[in-house]
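**Q** Whatever this is, show me its structure:
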Amino acid sequence: MCDMTNKDINKDVDVILFEKIQRGDEKAFDILFMKYYPSLCAYAQQFVEYDDGQEIVQDVMVWLWENREMHTFEVAPKNYLFKAVKNRSLTLINRNEIKQRIVHTLHNNLQSGYEDPDFYVVEELSRKIEEALQRLPDTYREAFEMNRFQHLTYNEIASHLEISPKTVDYRIQQALKLLRIELKDYLPLLLAIL
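**A** Numbering: from 1, shown residues only. This next block holds a predicted model:
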């Protein structure tokens, strides 16, 4: 599999693979990917549809590769991968719930004026929200999504991200500020939904 020293023999195989991945070893990444892809997809199915789960797992693995040099694990790499898949699955669930609330609110608000809700408005608003979230700095978006979509408290987020609750509060407040600016044209509808 890989060159191993006596020192490496005592280490967990996943840790050794990740150390090699951090140095850019694509073969080690392929081994880790093949080792966990099926079980991560099966795990994601507990939360989301199979196709969504596959996409989530692929996104987590791509993120791992792209951020390999700056990432360290406080827990075993296996535990990190499963937790990342769970968090992204919960975020997807919550995003879908917001979309459903938009549809429901539009339906209730527009029913008196129209026979059917304006699905183009729903799609446009959903797309605008998604785009606005993607434009947030990663640290702001991560804290915001964990709070709003995964319903974690500031203390839980702080513990997960290993930062202070005040930093979590700052990041969420900044995310809200940026979202208010980007989505100002949709604010009356968003206030009813969020």
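
**Q** all strands of the chain, in order?
**A** For the chain, applying DSSP state E gives no strands.

**Q** Outline the domain layout of it.
**A** For the chain, the structural domains run 1-88, 118-194, going by automatic domain parsing.

**Q** who touches stretch 32-45?
**A** Contact with stretch 32-45 is made by 14, 17-18, 21, 50, 52-54, 56-57, 60-61, 77-78, 81-82, 85-86, 89, as judged by CB atoms under 8 Å, 6 or more residues apart in numbering. C-betas here are computed from N, CA, C, even on glycine.

**Q** Only alpha carbons, please: show stretch 129-136 as PDB.
**A** Extracted as PDB, the C-alpha positions of stretch 129-136 are listed here (Å, rounded to 0.1, in the frame of the first residue of the first chain):
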ATOM      1  CA  ILE A 129     -31.100  32.700  -1.200                       C
ATOM      2  CA  GLU A 130     -28.800  29.900  -2.200                       C
ATOM      3  CA  GLU A 131     -26.600  32.300  -4.200                       C
ATOM      4  CA  ALA A 132     -26.400  34.800  -1.400                       C
ATOM      5  CA  LEU A 133     -25.400  32.000   1.000                       C
ATOM      6  CA  GLN A 134     -22.700  30.800  -1.300                       C
ATOM      7  CA  ARG A 135     -21.300  34.300  -1.600                       C
ATOM      8  CA  LEU A 136     -20.800  34.600   2.200                       C
END
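
**Q** outside of that stretch, which residues touch it?
**A** Contacts of stretch 129-136 with the rest of the structure, by CB under 8 Å, 6+ apart, involve 95, 98, 141, 144, 145, 175, 178, 179, 182, 183, 190.

**Q** what do you get for stretch 91-98?
**A** Counting contacts by CB under 8 Å, 6+ apart, the residues touching stretch 91-98 from outside are 47-48, 52, 56, 126, 129-130, 145, 148-151, 193-194.

**Q** Of those, just the buried ones, ChimeraX syntax please.
**A** The ChimeraX selection below is limited to those of these classed as buried (16 or more other CB atoms under 10 Å):
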select :47,48,52,56,126,129,145,148,149,150,193
